[in-house]
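**Q** How does the following fold in three dimensions:
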Amino acid sequence: MDSSPPDHFSSPSSQPTLKQIPGSYGLPFFGPIKDRYDYFYNQGKDEFFRSRIQKYNSTVFRTNMPPGPFISSNSKVVAVLDSKSFTVLFDSAKVEKKDILDGTYMPSLSFFGGYRVCAFLDTKEANHHALKSFFLSFLASSHKKFIPYLRTSLSELFENLESDISEKKSADFNTISDNMAFDFVFKLVTGVLPSETKIKAKGPTTVNTWLALQLAPLGTAGLKYVPNFIDDIIHTVRLPFFVVKSGYKKLYKSIYDSATSLLDAAEKSGIKRDEACHNLLFLAAFNAFGGMKVLFPSLIKWIASGGESLHNKLSTEIRSVIKEEGDVTFSALEKMQLTKSAVYEALRIEPPVPFQYATAREDLIIESHDAAFQIKKGETIFGYQPLATKDPKVFDNPEEFIADRFVGDGEKLIKYVYWSNAHETESPSPDNKQCPAKDLVVLCCRMMLVELFLRYDTFTADIGQLALGTSITITSLTKGT
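**A** This next block holds a predicted model:
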């Protein structure tokens, strides 16, 4: 495979033709509802976008995005669906990210203690720099804890999987992974396990409810025998916070009481203590746990798809590097070229956060591979990342999981993996909207594979689909003889 990026990506000389943005929003009120039904029920997400790319012969077009009427004042977006145009969403000088994390819909601030937490702040808002700096400082100071905490958590995960397979012939990876992820994140933030606080074992359930209530208008229940018009009700009402109010208070109180030194540091930097705590809760529950909830099953799905051939290559690389290095270290992880590539490929082919939104700060010109388009100040720009990172003009066989895609010359393509709200080769800073825990997420994925293939030669799994992400049932874990 030729892994070199296309020449025209870096060529400043070619000036694409300025074109009118194709597409339509349809009739007021009814147009957004029609697009919503196509998006959720008639076509599904991928076909919704692909059919319009084909219809307009353009990866940039106008459409409506859910939820639409009743709880969203404006569903109109300009979709940017190729690798080149998508990057406008990263340019803080050109686009604004105020209150647009969830797109055309904003959940009640009750879910965040009444605060607009950092994820909803634009880079030019005064508190963004302080909060993002606080997060980055916390992660930097926790660096030495990452690997030992992860190894302990992952050891428990695999022990639980083994136990369930022994007793029940299979194991629910999602539930066990959720419990592991919550324990790891909570201990990283607070220094204690949830079992040592009032949360006990209820953390994952509480956070799952909290996530579901605020994000329900953006999804579908996916219930097989429920008529579409019944399911569609969730796109027309805001679900109430009071359902999870007591659970959220316990989460907040547990972090407030346990993360004292971290909150002291926040106050010293000028952030109110309760605001810092609500932001930490969001970082832990939404960004970290919510991301891992989707990402870990997806990673296992794609590694499972590689079968014994891929498993043998990964186990050989991982074991030989660890033998050479003497332990699982950051240095060892950096030497595992195939393992690193497989993680990036999983992030490319199925990014954990598929949607990105922004608002144009000014009239601006964006470019696709074939044309240029003018977007007016105030217009909402929307990117569907699974199409941008499966752009056939960047990646050969983009729909195929190729574990060694980013090995050797393929490393040049890592910059086109956009899962963290930026080029993968860039780093989060207080002045951008890139995921502050970007490096930790990649580390967690690498560690998942390292611990898996240090223990087992191969594994098998049954794959299913959930309303949010992938369902994984582990059916066997085979140890070496």
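**Q** Mind listing what's buried along stretch 427-442?
**A** 428, 430, 432-438, 440-442 (16 or more other C-beta atoms under 10 Å). The way it works is simple: take the backbone N, C-alpha and C, and place the C-beta from them, glycine included.
**Q** start to end distance for that stretch?
**A** 13 Å (C-alpha to C-alpha, to the nearest Å).
**Q** For the buried residues of stretch 427-442, which two are the farthest from each other?
**A** Using C-beta to C-beta, the pair of the buried residues of stretch 427-442 lying farthest apart is Pro430 and Val442, separated by 20.4 Å.
**Q** still on that earlier bit, which one of the buried residues of stretch 427-442 is nearest to Gly307?
**A** Val442 (23.9 Å).
**Q** Now the residue nearest to Lys45 when sequence neighbours are not counted: phi and psi?
**A** The shortest distance from Lys45 to any non-neighbouring residue, by C-beta to C-beta, 6 or more residues apart in numbering, is to Tyr39 (6.4 Å). Main-chain torsions, Tyr39, degrees, to the nearest 10: phi -60, psi -50.
**Q** and Tyr39, how many residues sit next to it?
**A** Using other C-beta atoms under 10 Å, Tyr39 has 21 neighbouring residues.
**Q** Listing request: residues of the stretch 301-450 of the chain with sub-threshold pLDDT.
**A** For the stretch 301-450 of the chain, no stretch is flagged by pLDDT under 70.
**Q** Please enumerate the strands of it.
**A** 355-360, 364-367, 371-375, 380-384 (DSSP state E, counting those that start in this stretch).
**Q** Which strands or helices does the shortest one pack on?
**A** When you say that, I think you mean strand 364-367. strand 371-375 (3 or more C-beta pairs under 8 Å, 6 or more residues apart in numbering; DSSP states H and E).
**Q** how far out from the middle of the chain is the strand it packs on?
**A** Strand 371-375 sits 28 Å away from the centroid of its parent chain (C-alpha atoms, centre = their mean, to the nearest Å).
**Q** Please point out which parts of it sit buried.
**A** Quick answer for strand 371-375 (16+ other C-beta under 10 Å): 371, 373, 375.
**Q** Looking at the residues you listed, which is nearest Leu188?
**A** Ile375 (39.6 Å).
**Q** surely that closest one meets Asp363?
**A** Yes. Using C-beta atoms under 8 Å, Ile375 is in contact with Asp363, at 7.2 Å.
**Q** Report the buried residues of the top helix by length along the chain.
**A** Using DSSP state H to define each element, the chain has its longest helix at helix 146-168. Across helix 146-168, burial judged by 16+ other C-beta under 10 Å covers 146-147, 149-151, 153-154, 157-158, 160-162, 164-165.
**Q** With stretch 164-182 instead?
**A** 164-165, 170-174, 176-182.
**Q** Redo those as TSV? Include secondary structure, pLDDT and distance to Ser58.
**A** Compiled in TSV, the buried residues of stretch 164-182 are given as follows (DSSP: H, G, I helix; E, B strand; the rest coil; pLDDT from 0 to 100; distance: C-beta to C-beta, whole Å):
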residue	secondary structure	pLDDT	distance to Ser58
Asp164	helix	98	49
Ile165	helix	98	49
Ser170	coil	98	46
Ala171	strand	98	46
Asp172	strand	98	43
Phe173	helix	98	40
Asn174	helix	97	38
Ile176	helix	98	44
Ser177	helix	98	39
Asp178	helix	97	40
Asn179	helix	97	45
Met180	helix	97	44
Ala181	helix	97	39
Phe182	helix	97	43
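**Q** In PDB, could you pull the C-alpha coordinates for the strand or helix carrying Val207?
**A** Assigned by DSSP states H and E, Val207 falls within helix 203-215. Provided in PDB are the C-alpha atoms of helix 203-215 (Å, rounded to 0.1, in the frame of the first residue of the first chain):
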ATOM      1  CA  GLY A 203     -20.800   4.700  39.900                       C
ATOM      2  CA  PRO A 204     -21.100   3.300  36.400                       C
ATOM      3  CA  THR A 205     -24.900   3.000  36.600                       C
ATOM      4  CA  THR A 206     -25.300   6.500  37.900                       C
ATOM      5  CA  VAL A 207     -23.000   7.900  35.200                       C
ATOM      6  CA  ASN A 208     -24.700   5.900  32.500                       C
ATOM      7  CA  THR A 209     -28.100   7.300  33.500                       C
ATOM      8  CA  TRP A 210     -26.600  10.800  33.700                       C
ATOM      9  CA  LEU A 211     -25.200  10.400  30.200                       C
ATOM     10  CA  ALA A 212     -28.400   8.900  28.800                       C
ATOM     11  CA  LEU A 213     -30.700  11.700  30.100                       C
ATOM     12  CA  GLN A 214     -28.700  14.500  28.700                       C
ATOM     13  CA  LEU A 215     -27.900  12.900  25.300                       C
END
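**Q** Distance from the chain centre to that helix, please.
**A** Helix 203-215 sits 16 Å away from the centroid of its parent chain (C-alpha atoms, centre = their mean).
**Q** please begin residue numbering at 10 from this point
**A** Let's use 10 as the start, then, which means that last one is helix 212-224.
**Q** next helix or strand past it?
**A** helix 237-240.
**Q** outside of that next one, which residues touch it?
**A** 46, 49-50, 229-230, 232 (C-beta atoms under 8 Å, 6 or more residues apart in numbering).
**Q** Generate a PyMOL selection restricted to the buried subset of the residues you listed.
**A** For the buried members of these, the matching PyMOL selection, counting by 16+ other C-beta under 10 Å, is:
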select buried, resi 46+49+229
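**Q** and Glu176, what does it touch?
**A** Listed by C-beta under 8 Å, 6+ apart, Glu176 has no contact partners.
**Q** Quick check: it vs Lys196, distance?
**A** 27 Å (C-beta to C-beta, to the nearest Å).
**Q** what's the answer for Ala180, then?
**A** Counting by C-beta to C-beta, the gap from Ala180 to Lys196 is 23 Å.
**Q** now Gln346
**A** For Gln346, the distance to Lys196 (C-beta to C-beta) stands at 31 Å.
**Q** ok, what's across the strand from Thr467?
**A** Thr487 (DSSP bridges).
**Q** so it makes contact with Asn321?
**A** Yes. Between Thr467 and Asn321 there is a contact under C-beta under 8 Å: 7.4 Å.
**Q** So which of these two has more stuff around it?
**A** Thr467 (21 against 14).
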